[in-house]
Every structure is written in structure tokens, then in C-alpha cells.
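Asks: let me see the structure of the following:
(2 chains)
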Amino acid sequence: MNIIEKFRSLIAKKYRQIEENFQEACAMSKELSLIKDNLFKDADMEDLTVLSRIDDETFDQLLKILTKDEEDSLRTTLKASKFLMANNIGLVDDQKDKIRDFIDRANLRKTRLERKVESSQASLDNLELYNKVEQKLIALQDSGYIDNETLNEVCALLKVTEEKKETYIDEALSFNVERYKKQSTKTLKEEPKVEETPKELPATAITKEELASIFEKHHYDMANLSDEMVNLLMMNGDLIKIDSIFTSIERNKLDFLTEDKKNAAILTKFLLQSSSELIDEGCKLFKDEGVSADLLKSYKAIFFETSDTQKSNISDQRKKRNKGPADDSTSPISPLDRLLSVNGRNKDFKRNLELLESLGRDKKKLLETQVYLLTSPHKCLLRHIDELKLYEYPIDDKAFPLSAISSFRIMELTDKYIELGEEEYIHRYASKLTSHIDGIFERMYAMKKEGIPIHSEKNPQNIRTIVFDLNKPCEVAEDRIKELIPKDSETLLKGNKYNQLLEDYAPSTISPETLDDPVIKKLDENYKYSNLGYNFNGVIISRKKLLRNYEFLMKTDLIPAEEKDQHQMLFVASLYNSWLDMDQIEKIEGAISASMSLGGNNDVLKK
Amino acid sequence: MFLKNNGFTDEEIDAILNKYDSDTIDTLLLNQDNVDEVITYLKDYGIKNIPKLMLERIDIFYFPVSSIKKLFSQYEKDSVINALDHNSAIFDEML
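Replies: Residues are numbered from 1 along each chain as shown, chains lettered A, B, ... in the order given. All right, here's what the predicted structure looks like:
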């Protein structure tokens, strides 16, 4: 048993002793009360008649306490004296002496009991101290040392003599030296531990009080913000910047940010990610053009800098498939984090505005009517305009609906309209590219096959309203539609790796090199009916589709050069995304073969 | 997504997420206060199928309500409702 264990054992013993003394003191207190209440209630201790006023039962208890079992004669004398006094009969001297002796005994007993109860009470008051020292010793048990303070506390509690204390000091010193030696050896044998840096709460850039004072200065109730928002501002905010942004918001009357507490999250984004310069610059542009300030509410994105690294430049097709951050249902991040991750469109906005102005559009009108396009990523806008140009849409015409630029499937949808024989229609009503809903083409195809006119006589813009409203039944039953759509081309290309590449990359360029390809020239000579279409013996195929797909397949590094069979590439390029039956496929194949035999193989495009 | 609070079904939200890319959804989130107001206004105006309209013409939801009110006021209410419910592409002509 080391000295710590010894101390703990002694303290535990002392503790138990105190508990026992307390129990004893409780019993003594009853005894003391009995004596005090019955024998010393009156001030005059010489009044022997006190006995006569005690009831018999209590008197018996007092006799039991104050006389010994063998003192029967004394008990008998005292009882007799009590009876005589109660009946006013005089006592003899011997009887009086015995009563005095009895009272003296009671007095002595009373003093002793009082002392014991007092002492027990004092020990009881020390119990807290015992607990404290015990906890201290438990903490030292495994690896601690006995210091002077602990030793003194223990000795005081145990009430040890000076001599005994000296012994404990020696024992404690030996114990400390031994423990030190053991621990040093153990440390040397163990792998050196990387000292853990104590975890500290991250330092905030600004305090809550400082933040509150800025909010107060700008008459905004900080209670509108959630704890998460306040913490973010404290951690990442800059007091001077927050102040200047608030001032700029006030100066430019962007009241929607501060008037509605529902906008606390967007206000937080402004205070963290915008700047007074961006706000002033954006607002000035609108003011200079005489555009209503109400519109600024819809242009929030322009008050945040565009990050060039935040989004990758993958095609819209792939983005749609991956969805990424748009899929909120599975996203583990909080709505506030999600909002903070939204990329700014400041640079995009300026470039988009210039680009659309270059199409001959009025700046003010653009600001008033093209919120969506102007706040889109500039790269998207460029790509979509290129696609529209590729398919020869009249985008420079002031009547051209700019909404068509926002379509994500310009090429794919136009190909389909062309192959359904509606090339003129889609070029005339290009906004249908944006409002397109899946399922419409199937209906159009079926109606045409069944000989039902699809154009509305009343409104030429509509290909019969019924066709465009999927909530209403089509004139051809759904089952019949499925029967009518040919699946042979789809079956033929299923699992085809070239077809998969076209789906993944959605190629969008046609170079002069491709147009100079002898086979293409032959196809153009014999089957091209317009810049947009081929008529392969009655089968309409989008020319732009064929050309861009063919160029990609011939030029891509993803297909080894030795695999690049011109006939196969042309075949896949033509059939891609078309509804064709075997008869139609054979006609296309025949046209390709004929052109190849006439134009010969061309290795120019092969890499 | 906040569209659910506007009564859109999961299928309708999925269709919107599938049609538009993440940049579009981002801008929608940034303007959700405005989108909420537009949805409420269009419902009150009498447009029946708001999710379909968003699926076809998301750009309408970027306009401030004040602009939409100004635009609609130039046409007969019934013809606006009919046009947006059946041929949303007509919105271009209204601009």
C-alpha cells in the first residue's frame, strides 16, 4: 500500500468514524433532552421536589440511564422518595442525600453528553473537507505526486501528531522519487507522443458586441438573424466592410434586404460576400439607364463577384445528369451554407449585357426584360448563341425571341423538329425551344403518322394546343403512340460506344474541314435539301446533327485511329437520337455507301 | 427545397431540377424571396398550373412582381391566363 492508498484508507476510516459518531450523537441527543427537559427545566437545582413532577414512565427511563442495574436499592429508594414527595410526606436525610446524588449524576451525564454531541457536530461540518481531500487523492492515484499542500490537509484532517506527520513526510518523499523513476523509464520506452495542442474555441474576427453595435448603427434588429448567421459573421466578417456594405445598401435603397426579416439569410450573404463597390456600381448602371430600382431585387447575383474556379466548364447535358448542388434533397449542407455557396454573376452580367447589346438589342430593354439571361453564366450564353447560329436561327433579328437562348437543348430539339419536318416552324417560333416539355415530339410524330394535322388553324404559333398540353389527352392514344414510334435505330445503337460518346459530349462544332470531306460533299450534292437537312430517299435527317457528330467521332482522341471507320462513323452520326425503322435505316445506309463509293475514303479527318 | 412550401409536389420539383442546370437552380435560390412573391401573385391572378409554367418558362419567375403586374395590365386578364396556361411561349410577345 503506497502512501496515497494509506491516506485514502485512513480518511475512509475517519469518515466512517464520523458517521458512527453522528449516529451515536443522535441517540445521545435523545438522552440529553430527556435529562434536560425533566430534571433541569427549572432554574433551582436545589429543589428536590423536581422528582415528584416527573411522570412514572419518564422516571423509569431516567433511572435506567443514571443508575446501574445492580443499584436496585438506590432505584427503590428514589422511587419511594418520589412517591412520598408527590403525597406531601416528608423525607428522611438519607432519602434527600440519594436524591441529591441522583441529580448530580444527571448533571454530570448532561455535561458529558453535551460535549460529545458538540464534537460530533464539528466532525460533521468537516465532512465536506474530507470529500475534497479524498477526490484530490483519487486524482493523484495513478500518476500524481504528494505535494506539501496535500500532505498538510491530510494530516490536519486525521489530526496526527507532529511525530507521525514527520513519518508521513518521509514516506511521501520516497513515494514521489519512485514514481518519478518509473514514469521516466516508461516515457523513454514509448513512442514519442505528439503533444496535443489544446483545443481552443476558434477565435472570432469580431465580437458579438461589435457586430451588434454595427447593426444598431444601421437600425437593423440583429435578432432577425439566426445564431448560425451571427456566428458566420463573427467568424468570417470584417467590421469595416460590414459597416460599408450596410451604408451602401442604405445609400442605394436596397430596402428589400433590410425591410423583410425573411431576407436575413440573403442579407448575411451580402454582408459576407458583397462589397460597397459592387453594390454602388450595379445600382449606378440601373440608375444611369433609367431602369426602376425595383428590378434590383431580381439582380441580386450581380452584387457578388463571379468566381472563375467555382464551377467547371462541363456541358449542360452532363451538368443536368449530375445535378450536383441543385439536388437539395440529398445535400447534407444547411440552407444557409447552400445559399452562401451560390456563385456571384457580376462579371457574367457585364459580359452578357455587352453580348446581347452586340445583337442589336436596347440596353434598357434588356435590363428590364432579360433578368434570367443577364444573370446566367456567360459561358453558357456564349455556347447557346453559338448553337443557335450553327442551326441558322436569325438571332440578329430584333424580333427573335431571346428566351430561346436560355434553352438547354437547342441542338437536340432542333434536330428533332427538323426530322419531324417542322424546321420552318421552329425557326419561326424559336421560343418553343425553351417551353419544350418531354413527350411532345412523340405526340407530334404519332399525329403525323395517323394523318392528323398538327398545326392550329386559329393560331399558327401553336402546333394545336392539345399537343402542347400534356395534361390533356392526345388525339392518338398513348398505347398507339408507343406502337407508332419506331425503335429499330435505338435498338441498333444500344450499347454502341460511339453513340455513348455522342451522348456524353454533345458535340457542337462543324469545321470547314468537315464540309470539305469528299463524302460529305457527295452527301450534300445528292441528299441535302437545305442547310439543315438531308433527305435520304424520303428519310429526313438533320444535316447539322450528322455533320457535328461525324466530325467529333472522326477527330476525337477517345477512339483509336485504327478504329475510325468512316462508314460506321457516318452511320452512327446519322442514326443518333432518331426514330427510325429498319426500312429507313437501310435507305440511310444506302445513301452513305453510295456517297463513299463516289467520294472515296478520306483520311483527312482521321487522327 | 423552398418550392415545396409553395405547394409544388416532389415530382414537379424533380422535373424542374432535371430540366435546369445547377447554375439556374443557384440563381433561383438566390432569388427565392422574389420567386415566392411571383408564385403568390400568379396564383392570385388565376394561373392554374404554376409548376408547369416554371418548367416551361423559368425566366418569368425572375421578374419582380411589379414588372409582371405592369406587363399583364396591358392585356385582357382572361387572354393572359389562357396564354400562360396553354402557350407560355407567348410571354416573349408580351415583353
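Asks: what is the mean pLDDT for stretch A:294-303?
Replies: On average, the pLDDT along stretch A:294-303 is 90.
Asks: can you check which helix is longest in the chain?
Replies: If you meant another chain, say so; for now it's chain A. For chain A, the longest helix by residue count, based on DSSP state H, is helix A:3-39.
Asks: chain B is the one I meant
Replies: Per DSSP H, chain B has its longest helix at helix B:32-45.
Asks: which strands and helices sit next to the helix or strand following it?
Replies: Downstream of helix B:32-45, the first helix or strand assigned by DSSP states H and E is helix B:50-56. Judged by 3 or more CB pairs under 8 Å, 6 or more residues apart in numbering or on different chains; DSSP states H and E, helix B:50-56 is in contact with helix B:10-19, helix B:32-45. For glycine as for every other residue, the C-beta is placed from the backbone atoms N, C-alpha and C.
Asks: can you tell me which of the ones you listed is packed in deepest?
Replies: Neighbour counts (mean count of other CB atoms under 10 Å in any protein chain shown) averaged over each of those peak at helix B:32-45, with a mean of 18.
Asks: next one: it to chain centre, how far?
Replies: Relative to the centre of its chain, helix B:32-45 is centred 8 Å away, using CA atoms, centre = their mean, to the nearest Å.
Asks: please enumerate residues in contact with it?
Replies: Residues outside helix B:32-45 that contact it (CB atoms under 8 Å, 6 or more residues apart in numbering or on different chains) are A:256, A:260, A:262-263, A:266, A:297-298, B:2-3, B:5-6, B:28, B:50, B:53, B:60-65, B:68-69, B:72, B:77, B:80-81, B:84.
Asks: ok, now with 6 Å
Replies: With CB atoms under 6 Å, 6 or more residues apart in numbering or on different chains as the test, helix B:32-45 has contacts from A:263, A:297-298, B:2, B:6, B:50, B:61, B:65.
Asks: which one in the residues you listed is the model shakiest on?
Replies: B:Phe2 (79).
Asks: remind me which residues of chain B are low pLDDT?
Replies: B:1 (pLDDT under 70).
Asks: quick check: residues of it near chain A?
Replies: B:1, B:17, B:21-23, B:25-27, B:29-30, B:33-34, B:56-57, B:59, B:62, B:64, B:66, B:86-89, B:92, B:95 (CB under 6 Å from any CB of the partner chain).
Asks: quickly find the element holding the nearest residue to A:Leu558 once chain neighbours are set aside.
Replies: Nearest residue to A:Leu558, sequence neighbours excluded (CB to CB, 6 or more residues apart in numbering or on different chains): A:Leu501, at 6.0 Å. Using DSSP H and E, the element containing A:Leu501 is helix A:497-505.
Asks: using PDB, list the CA coordinates for that helix.
Replies: The C-alpha coordinates for helix A:497-505 follow below in PDB (Å, rounded to 0.1, in the frame of the first residue of the first chain):
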ATOM      1  CA  LYS A 497     -19.700   3.100 -77.600                       C
ATOM      2  CA  TYR A 498     -19.700   5.800 -80.300                       C
ATOM      3  CA  ASN A 499     -23.300   6.500 -79.600                       C
ATOM      4  CA  GLN A 500     -22.500   6.800 -75.900                       C
ATOM      5  CA  LEU A 501     -19.700   9.300 -76.700                       C
ATOM      6  CA  LEU A 502     -22.100  11.500 -78.600                       C
ATOM      7  CA  GLU A 503     -24.500  11.400 -75.700                       C
ATOM      8  CA  ASP A 504     -21.800  12.400 -73.300                       C
ATOM      9  CA  TYR A 505     -20.100  15.100 -75.300                       C
END
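Asks: that one: what's the following helix or strand?
Replies: Following helix A:497-505 toward the C-terminus (DSSP H and E): helix A:512-515.
Asks: start and end of stretch A:339-353, how far apart?
Replies: For stretch A:339-353, the first-to-last residue distance is 25 Å (CA to CA, to the nearest Å).
Asks: before we move on, what about stretch A:391-407?
Replies: 14 Å.
Asks: neighbours of A:Tyr391, how many?
Replies: When neighbours are defined as other CB atoms under 10 Å in any protein chain shown, A:Tyr391 has 26 of them.
Asks: which is the next helix or strand following the helix-or-strand element of chain A with minimal mean pLDDT?
Replies: Lowest mean confidence among the helices and strands of chain A (mean pLDDT, DSSP states H and E): helix A:316-322, at a mean of 41. Next along the chain after helix A:316-322, taking DSSP H and E as the criterion, comes helix A:335-340.
Asks: contacts made by that next one with the rest, please.
Replies: For helix A:335-340, using CB under 6 Å, 6+ apart, the contacting residues are A:228, A:265, A:269.
Asks: check stretch A:426-434 too.
Replies: By CB under 6 Å, 6+ apart, stretch A:426-434 touches A:393, A:401, A:403-404, A:406-407, A:410, A:413-414, A:417, A:461, B:89, B:92.
Asks: quickly find the element holding A:Asn535.
Replies: Per DSSP H and E: strand A:533-536 holds A:Asn535.
Asks: pull up the pairing partners for that strand, direction included.
Replies: Sheet pairing of strand A:533-536 (DSSP bridges) gives strand A:528-530 (antiparallel), strand A:539-542 (antiparallel).
Asks: distance between the last one and the chain's centre?
Replies: Going back to what we said before, that points to strand A:539-542. 51 Å.
Asks: average pLDDT for that strand?
Replies: Here the average pLDDT along strand A:539-542 is 97.
Asks: now do the buried residues in it.
Replies: A:539-542 (16 or more other CB atoms under 10 Å in any protein chain shown).
Asks: count of residues packed around residue 81?
Replies: No chain was given, so I picked chain A. 22.
Asks: not quite, I wanted chain B
Replies: 17.
Asks: can you check what angle separates the strand or helix carrying it from helix B:32-45?
Replies: Using DSSP H and E, B:Ile81 falls within helix B:77-86. If you take axes from the mean of the first three to the mean of the last three CA atoms, to 10 degrees, helix B:77-86 sits at 120 degrees to helix B:32-45.
Asks: tell me the buried residues in helix B:77-86?
Replies: Quick answer for helix B:77-86 (16+ other CB under 10 Å): B:80-81, B:83-86.
Asks: past it, which element shows up next along the chain?
Replies: Counting by DSSP H and E, what follows helix B:77-86 is helix B:91-94.
Asks: packing partners for that next one?
Replies: Judged by 3 or more CB pairs under 6 Å, 6 or more residues apart in numbering or on different chains; DSSP states H and E, helix B:91-94 is in contact with no other helix or strand.
Asks: rerun at 8 Å
Replies: Using 3+ CB pairs under 8 Å, 6+ apart, helix B:91-94 is in contact with helix B:77-86.
Asks: using PDB, write out the CA atom coordinates for the helix it packs on.
Replies: What follows is helix B:77-86, C-alpha atoms only, in PDB (Å, rounded to 0.1, in the frame of the first residue of the first chain):
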ATOM      1  CA  LYS B  77     -56.800  39.200 -67.900                       C
ATOM      2  CA  ASP B  78     -58.500  36.100 -69.500                       C
ATOM      3  CA  SER B  79     -56.300  36.100 -72.500                       C
ATOM      4  CA  VAL B  80     -53.200  36.300 -70.200                       C
ATOM      5  CA  ILE B  81     -54.400  33.400 -68.200                       C
ATOM      6  CA  ASN B  82     -55.300  31.400 -71.200                       C
ATOM      7  CA  ALA B  83     -52.000  32.200 -72.900                       C
ATOM      8  CA  LEU B  84     -49.800  31.300 -69.900                       C
ATOM      9  CA  ASP B  85     -51.800  28.200 -69.100                       C
ATOM     10  CA  HIS B  86     -51.700  26.900 -72.700                       C
END
